[in-house]
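K.L.:
Would you be able to build a 3D model of this:
(one chain, ligands or ions: 1)
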Amino acid sequence: MGNMIYCTSRIILLLGLGIGLTYPNSLISPIDGFSASSSSSPKKRRPTKIVRPKRRSTNSSPSDDLIVNTDDAGRDSNNSNNNIEEEEIRFRRHEQALQDPSLLTNIRFSDRTDLHPTTRTALIDGFGLKTMTHVQAKTFGAAREGRSILARSRTGTGKTLAFLLPTIERLLDLDLYRPGRSIGMIVIAPTRELAIQIADQAEILLSFHNKYRQNNKQLNVACIYGGVKMQRDVRLLTGDHRQGNLLPTILVSTPARLLEHLEGNSPLSKNFSNHHQKQQGEIGWQRRNKSKFADLVAETKIIVLDETDRLLQGSNLYDTQRILSFMARTEKRQTLLFSATLPRQVRRLLLNSSIVKKKKKTDEDEDELLEVDCIDDVDEGMDEDANDLNNISATTSPAAKFELSSVSTNQRRVEECYVSLENMSQFIPLLLTILRREQQRDSQNYKILVFFPAGRLVRFLFQFFTMGGRGRDSSSKRNTSQLVADGNDNDIIWEIHSRMSQSSRSRASNAFRAARRGILFSSDVSARGLDYPDVSLVVQMGAPSSEQDYVHRIGRTGRAGKLGRSLLVLLPFEIHHKQERWQKAQRRRLGQSSDDDYIKEDEQLATWLRAQNEEQNENRNGEEEEKMRISSASLFQQCQDDLEPTRLKIRSYHVVLTPSAQAAYVSFLAHYIATASTSNPNGNRKNNSSRSRSRSKAKNKLQPSRILAYADDFARGTGLASIPELDETFATKLGLN
Ligand SMILES: Nc1ncnc2c1ncn2[C@@H]1O[C@H](COP(=O)(O)OP(=O)(O)OP(=O)(O)O)[C@@H](O)[C@H]1O
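P.N.:
Numbering: from 1, shown residues only. Just a heads-up that it's a prediction; the model follows:
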């Protein structure tokens, strides 16, 4: 019976649709795809908003290990209430996406015959998407043809699918890699959480294809990253040898971990040698005497650098360049580079290096790098003609059929505000005020992401807020913080930073993603790429170290058509140095000269802060009396008062909070002294051209002794009875004599 249905669908396809004419040379026949789209709708599972198809075979696949599976086992897949809720969420999200004309084009996935029918089903039925975003439409045709691309597009505009869709289509071609015996594509992402998120999306797309594939021909995703045992990677990358299903179709990795394997500093290399010797005859390795992982990676023809500018800056630069040196030569591979930001220096570095192929020298040279810029700003230095859609259509025949609407693609989706701290002892009360005010705005739907400059500060503030009230209730094991409670006694604050174990990081990240409301305290590990749904407010406690970081941080809200809000809290020593720069940066970003669109001061918070400061200075006249009245009635003042019990705990040596406050103090000091000496607003180390400017600014530079005074103020604000003593060597290192 099954065969009959299968054959019938084949005949219908051959007679009627002719999809095979437009879908060439694939491992999966178009017939499979047709049966996918025409079969009954795939069953849905919790909790992802995205629907995965049920496997056709009930046998477990030998490659299951390799698949990044975000579905928790045991969840009820037939829960109709959940499905209805899921449908509603997807419908709401789609409606929201439609609200933003700068996000979506009029190109429907269903009209694209250059997409495999199963991929179309995955996008429409699985992800609930209908039309392409600008960056997807502008890059698909060229990427599908194998061209290298450098693309820039606003945060939250679907860049992940922009690189996954065309590359997965290419991987379905037979000749691009040896399934199971070489890796089809490698994606590098700067953080672990981002790598996991990308792998998850890839796995969802592939799972629709796998539904129609035999067990030993499944398309797999492996995701590797630091902070977990190497043995896990070995298991993921060597799989079940007996089934001959060895290497993943798509490998997603953070740079450092991948490099460790490539350089042979991991058990993987040894494992590959042993395995190679055993399997040589059986599966016929082509490279008989070169069995190391690095040799296999050299066969990979597609590489993606997500968050390209981050991967080409700071400590990532060396790792990325080394990784690329193990890959196929530039002309022989497709290199896809995506980010929301691309500083001039990074672009210059890219174009002058061997990371991508140079500009074409003759008209026949078709394979040059294609630059696609979906942001109309005035700074970041992409080619002017990169925005010309005709350019792209001309080189990518299928795309030429589609008309793209010409709306501005950097329309503002985030309302940006700032407030300046009058003194560092206001740091914690202001944070509490911001959180409570947001809770009061919409007590059911607040979702707040708060960035702090360093991991130890995240940890301390998390502990302060979660142990601040009654602490943990031992009977219910519930968090009963009174500082920001939601009335239901649930955990509503999570922390994430690089000082945590990977499992705790993943738990926090997943919890915040799934939560309808909540607060995530984070370091910059969450600044890039992470797609937490429905974040209502992004708060930055202290200016980020670069303009790019600012763009990425606020980009965690206002995604995929939604609107969001962000609040930048400038510390007292950042006000004069940075306020102006943020305004200028924002003007550049939005390509506007009107004052209206600058980052606005949050007047309510500013009034409360000023009033409190003046009250402290006891400098009162009639007007100030009035301010004082506002102050004592203000939420800020209430928050000040509510913090006292926690401060008292710290003052009288709380076993967790007091050492944590001391560590936060040291971390604050070290962070700001280090950044004062190295950073500029573009986030790059000083170069020759900026040296003269730097010299003139040197006079205004914030001296370590001043930072020390602010840090002391911060320490007093935490409740610490005395300023922590610094180790002498450490102090000298920081330039504090
Ligand atoms: N064509 C589409 N239509 C509607 N929503 C989409 C479309 N493509 C992707 N999305 C949704 O947009 C959201 C953001 O996507 P994604 O994380 O890929 O953005 P991004 O551009 O990579 O952002 P960032 O720069 O922050 O990394 C996701 O929830 C995704 O499901």
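
K.L.:
and stretch 368-375, is it in reach of the ligand?
P.N.:
No. Judged by C-beta under 6 Å from any ligand atom, stretch 368-375 stays clear of the ligand, getting no closer than 9.5 Å. In short, each C-beta sits where N, CA and C put it, glycine included.

K.L.:
For that stretch, buried residues please.
P.N.:
Buried residues in stretch 368-375, counted by 16 or more other C-beta atoms under 10 Å: Leu369, Leu370, Glu371, Val372, Asp373, Cys374, Ile375.

K.L.:
Likewise for stretch 555-563?
P.N.:
Gly555, Arg556, Thr557, Gly558, Arg559, Ala560, Gly561, Lys562.

K.L.:
and the last one, which of the three is it?
P.N.:
Taking DSSP: H, G, I helix; E, B strand; the rest coil as the rule, one finds Lys562 in the coil state.

K.L.:
pLDDT at it, what is it?
P.N.:
On the pLDDT scale, Lys562 is placed at 86.

K.L.:
Can you list phi and psi of the residue nearest to Val356 when sequence neighbours are not counted for me?
P.N.:
Nearest non-adjacent residue to Val356, counting by C-beta to C-beta, 6 or more residues apart in numbering: Leu369, 4.5 Å away. In terms of degrees, to the nearest 10, the main-chain angles of Leu369 are phi -70, psi 130.

K.L.:
show me what contacts the closest residue to the ligand within the stretch 301-450 of the chain?
P.N.:
Using C-beta to the nearest ligand atom, the closest approach of the stretch 301-450 of the chain to the ligand is made by Ala340 at 4.0 Å. For Ala340, the contacting residues are Arg152, Ser153, Arg154, Thr155, Thr157, Lys159, Ile375, Val551, His552, Gly555, by C-beta atoms under 8 Å, 6 or more residues apart in numbering.

K.L.:
Quick one: those as JSON lines, columns for distance to Ser443 and secondary structure too.
P.N.:
JSON lines is the format used below for the contacts of Ala340 (distance: C-beta to C-beta, whole Å; DSSP: H, G, I helix; E, B strand; the rest coil):
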{"residue": "Arg152", "distance to Ser443": "38", "secondary structure": "strand"}
{"residue": "Ser153", "distance to Ser443": "34", "secondary structure": "coil"}
{"residue": "Arg154", "distance to Ser443": "30", "secondary structure": "coil"}
{"residue": "Thr155", "distance to Ser443": "27", "secondary structure": "coil"}
{"residue": "Thr157", "distance to Ser443": "30", "secondary structure": "coil"}
{"residue": "Lys159", "distance to Ser443": "33", "secondary structure": "helix"}
{"residue": "Ile375", "distance to Ser443": "36", "secondary structure": "coil"}
{"residue": "Val551", "distance to Ser443": "30", "secondary structure": "helix"}
{"residue": "His552", "distance to Ser443": "29", "secondary structure": "helix"}
{"residue": "Gly555", "distance to Ser443": "26", "secondary structure": "coil"}
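
K.L.:
which residues are contacting the helix or strand harbouring Ala709?
P.N.:
For Ala709, the host element (DSSP states H and E) is helix 704-718. Helix 704-718 is contacted from outside by 423-429, 460, 464, 571-573, 647, 650, 661-662, 664-665, 668-669, 672-673, 676, 723-724, 734-736, using C-beta under 8 Å, 6+ apart.

K.L.:
What number of residues are in the vicinity of Ile107?
P.N.:
22 (other C-beta atoms under 10 Å).

K.L.:
List, one by one, the residues from the chain near the ligand.
P.N.:
97, 104, 129, 132-133, 136, 153, 155-161, 340, 529, 531, 555, 559-560.

K.L.:
Counting only helices, which of these make the cut?
P.N.:
For the residues of the chain next to the ligand, the ones inside helices are Ala97, Gln136, Lys159, Thr160, Leu161, with DSSP state H as the criterion.

K.L.:
would you turn those into TSV with neighbour count and pLDDT?
P.N.:
Formatted as TSV, those follow (neighbours: other C-beta atoms under 10 Å; pLDDT from 0 to 100):
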residue	neighbour count	pLDDT
Ala97	20	66
Gln136	28	96
Lys159	26	96
Thr160	22	97
Leu161	22	97
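
K.L.:
lowest confidence element among the helices and strands of the chain?
P.N.:
helix 389-395 (a mean of 29; mean pLDDT, DSSP states H and E).

K.L.:
Which SSE is immediately downstream of that one?
P.N.:
Assigned by DSSP H and E, the successor of helix 389-395 is strand 414-420.

K.L.:
tell me the angle of the very next helix or strand once past that next one relative to helix 704-718?
P.N.:
Sequence order places helix 427-441 as the next helix or strand after strand 414-420, per DSSP H and E. Orientation check (axes from the mean of the first three to the mean of the last three C-alpha atoms, to 10 degrees): helix 427-441 against helix 704-718 gives 50 degrees.

K.L.:
Number the chain from 814, please
P.N.:
Happy to do that; since the first residue is 814 now, the last one works out to helix 1240-1254.

K.L.:
So which elements touch the helix or strand that contains Ile1136?
P.N.:
Ile1136 is part of helix 1127-1139, with elements assigned from DSSP H and E. Applying 3 or more C-beta pairs under 8 Å, 6 or more residues apart in numbering; DSSP states H and E, one finds that helix 1127-1139 contacts helix 1068-1075, helix 1121-1124.

K.L.:
Tell me which of those sits most buried.
P.N.:
helix 1121-1124 (a mean of 27; mean count of other C-beta atoms under 10 Å).

K.L.:
Just list what that helix packs against, helices and strands only.
P.N.:
If you count contacts as 3+ C-beta pairs under 8 Å, 6+ apart, helix 1121-1124 packs onto helix 1127-1139, strand 1147-1152, helix 1157-1165.

K.L.:
From the rest of the structure, what touches that helix?
P.N.:
With contact meaning C-beta under 8 Å, 6+ apart, helix 1121-1124 is reached by 963, 1001, 1003, 1068, 1118, 1129-1130, 1133, 1150-1152, 1154-1156, 1159, 1163, 1341, 1361.

K.L.:
Repeat the analysis, applying 7 Å as the threshold.
P.N.:
With contact meaning C-beta atoms under 7 Å, 6 or more residues apart in numbering, helix 1121-1124 is reached by 1001, 1003, 1068, 1118, 1129, 1133, 1150-1152, 1154-1156, 1159, 1341, 1361.

K.L.:
tilt between the longest helix along the chain and helix 1517-1531?
P.N.:
Identified as the longest helix of the chain according to DSSP H is helix 1470-1491. Helix 1470-1491 runs at 150 degrees relative to helix 1517-1531, counting by the same axes, to 10 degrees.

K.L.:
I am finished for the moment; much appreciated.
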